[in-house]
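Undergrad: below is the structure, and that's it, no one-letter string:
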């Protein structure tokens, strides 16, 4: 089973994505901000995710800073930026991600990108 780390500050969005992606056969770990996500990634006993879904606007540590730390640590885990803000699409840091998906009530695009990056 493929593992996904979902980094999202909105509890309702996390719940929805976790339910939907669990139904699609993925194992989901959750972090409510970037600091929590980095802490999870640094733990040796934690299984490495196959993919990271990363929100950009979060408290404590936003997605830009989080992604910078992930890239510096030479993690080769694919990252999907999942945000409600289209204005970030051409940001240099965002361009370093493997994919950019705008949040929507229709999760088809996000699911398609996940399948493209890591399969089922």
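TA: Sure thing, it's come through. It should be emphasised that the depicted structure is a prediction, and the values quoted were computed from it without experimental measurement.
Undergrad: mind telling me what element the residue nearest the centre of the chain is part of?
TA: Geometric centre of the chain, nearest residue: residue 53, 1.2 Å, by Cα atoms, centre = their mean. Here residue 53, judged by DSSP states H and E, is contained in strand 51-54.
Undergrad: now do that strand: which elements does it pack against?
TA: Helices and strands touching strand 51-54, by 3 or more Cβ pairs under 8 Å, 6 or more residues apart in numbering; DSSP states H and E, are strand 3-7, helix 63-72, strand 79-83, helix 108-118. Any C-beta I mention is one placed from the backbone N, CA and C, and that applies to glycine too.
Undergrad: in CSV, list these along with mean neighbour count, mean pLDDT and distance to residue 30.
TA: Shown next, in CSV, are those (neighbours: other Cβ atoms under 10 Å; pLDDT from 0 to 100; distance: least, Cβ to Cβ, whole Å):
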stretch, mean neighbour count, mean pLDDT, distance to residue 30
strand 3-7, 24, 97, 5
helix 63-72, 19, 89, 14
strand 79-83, 24, 94, 13
helix 108-118, 15, 96, 16
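Undergrad: I'd like to know which of the ones you listed lies nearest to residue 23.
TA: Of all the helices and strands packed on strand 51-54, helix 108-118 sits nearest to residue 23, with 10.2 Å by Cβ to Cβ.
Undergrad: burial measure for residue 10, as a count.
TA: By other Cβ atoms under 10 Å, the residues close to residue 10 number 15.
Undergrad: I'd like the distance between it and residue 119.
TA: With the distance defined as Cβ to Cβ, to the nearest Å, residue 10 ends up 27 Å from residue 119.
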